[in-house]
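A.B. asks: from the sequence below, what's the structure:
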Amino acid sequence: MILNFGSINLDLVYRVPHLPAAGETLASSSFEKYLGGKGINQSIAAHRSGAQTLHLGCVGPDGDWLREQIAGFGLSLDGLRTVTTPTGHAVIFVDDSAENQIVLFGGSNQAFTTDQFEAALAQADPATDWVLCQNETNNVPKMAQLAKAKGLRVAYSAAPFDADHAIPLLDHIDLLAVNEGEAAALQSALGKDIQSLGLPYLLITKGSKGATLYAGGQQFDQDSFTVTPKDTTGAGDTFLGAFVAELSASDDPAKALQFAAAAAAVQVTRAGAAPAIPTREDTLSFLKANT
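C.D. replies: Numbering: from 1, shown residues only. Prediction:
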């Protein structure tokens, strides 16, 4: 089981000819709305990659459409709580080269409470279960402390990056997932090489250059697969969700890294974030054709 204490957003996606500069007004060529948020994207990726997944999240009174979407992806609604704060949302610009620019409103994602953590963690099995978390929700350090006290393995996506948020979590996690920029920022804030932290798993994603995993004293490098991207929104979330799902199933870091790279490659060839996340069958089919 993967328990993901994560964000749920309404993604408002606008296609633009280029990303807007300060003070610039652009006409959008299209508009779509999607279920989004780093947390729910990772839950969908883990679920579609074959892992039993429970998403723990908060939505506002305006969250009925999002609940319907989450159920439509096959995830249980048992971990969702309705709060009085408006649902979190993101305004996303995607340009003609598939690059994106995102503005977030935290909303209900900042309404997690300790009792919500405790109730969910009481059902978890330290022998088999992983806990996921990201920087888009509140009370993450408290949740990680509770999870580790129970003996659970904790994976932390340090995005959107904030050193003051990330550093207190480092003593309570087993897997740190960062991109190259986040890794450099964290290293600068700490004043030392993040490899020296001695984490069981350190995952550094590098976009089109692939990813590197440090685990068990070994370094695993994975190239990106060559595809023509349509929309890169949610690629990192797809990578991490697929990686943790495959790692929990196979306990094979190299296999999990390759599987995650393939899942992300398929995802970026489709529009949107959550709707673009491939099933396990999609990813395995891609791997068969490209390895």
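
A.B. asks: from here on, contacts and neighbour counts on C-alpha atoms
C.D. replies: OK.

A.B. asks: residue 262 and residue 211: what is the separation?
C.D. replies: Residue 262 sits 12 Å away from residue 211, taking CA to CA, to the nearest Å as the criterion.

A.B. asks: likewise residue 290?
C.D. replies: 17 Å.

A.B. asks: and if you look at residue 108?
C.D. replies: Taken as CA to CA, the span from residue 108 to residue 211 is 32 Å.

A.B. asks: which one's more surrounded, residue 262 and residue 211?
C.D. replies: Neighbour tally, residue 262 and residue 211, criterion other CA atoms under 10 Å: the higher count belongs to residue 262, 27 against 23.

A.B. asks: quick one, helices of the stretch 1-150 of the chain?
C.D. replies: 38-48, 64-72, 114-121, 140-149 (DSSP state H, counting those that start in this stretch).

A.B. asks: and the end-to-end length of stretch 28-46?
C.D. replies: Its first and final residues considered, stretch 28-46 spans 32 Å by CA to CA.

A.B. asks: ok, residue 36 - how many residues close by?
C.D. replies: 27.

A.B. asks: list the contacts for it?
C.D. replies: For residue 36, the contacting residues are 8-11, 89-90, 273-274, by CA atoms under 8 Å, 6 or more residues apart in numbering.

A.B. asks: closest to residue 152 out of the residues you listed?
C.D. replies: Nearest to residue 152 among the contacts of residue 36 is residue 8, at 23.1 Å by CA to CA.

A.B. asks: distance of the closest one relative to residue 2?
C.D. replies: Computed as CA to CA, the residue 8 to residue 2 distance reads 16 Å.

A.B. asks: ditto for residue 132
C.D. replies: If you go by CA to CA, the gap between residue 132 and residue 2 works out to 7 Å.

A.B. asks: one more: residue 232?
C.D. replies: In terms of CA to CA, residue 232 sits 24 Å off from residue 2.

A.B. asks: convert stretch 186-205 to CSV, retaining C-alpha atoms only.
C.D. replies: The C-alpha trace of stretch 186-205 is given here as CSV (Å, rounded to 0.1, in the frame of the first residue of the first chain):
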residue,chain,number,x,y,z
LEU,A,186,19.2,22.2,-1.2
GLN,A,187,22.9,21.6,-1.4
SER,A,188,23.5,25.4,-1.2
ALA,A,189,21.2,25.8,1.8
LEU,A,190,22.9,22.9,3.6
GLY,A,191,26.4,23.8,2.7
LYS,A,192,27.3,20.3,1.8
ASP,A,193,26.8,17.6,-0.8
ILE,A,194,23.3,16.1,-0.4
GLN,A,195,24.8,12.6,-1.2
SER,A,196,26.5,12.9,2.2
LEU,A,197,23.1,12.9,4.0
GLY,A,198,23.2,9.1,3.8
LEU,A,199,19.6,8.7,2.8
PRO,A,200,18.6,5.2,1.7
TYR,A,201,17.4,6.6,-1.6
LEU,A,202,18.3,9.9,-3.3
LEU,A,203,16.5,10.4,-6.6
ILE,A,204,17.6,13.3,-8.9
THR,A,205,15.6,13.8,-12.1
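
A.B. asks: for the closest residue to residue 58 other than its chain neighbours, give its distance to residue 61.
C.D. replies: Distance criterion CA to CA, 6 or more residues apart in numbering; nearest residue to residue 58, sequence neighbours excluded, is residue 81 at 4.8 Å. Per CA to CA, residue 81 is found 10 Å from residue 61.
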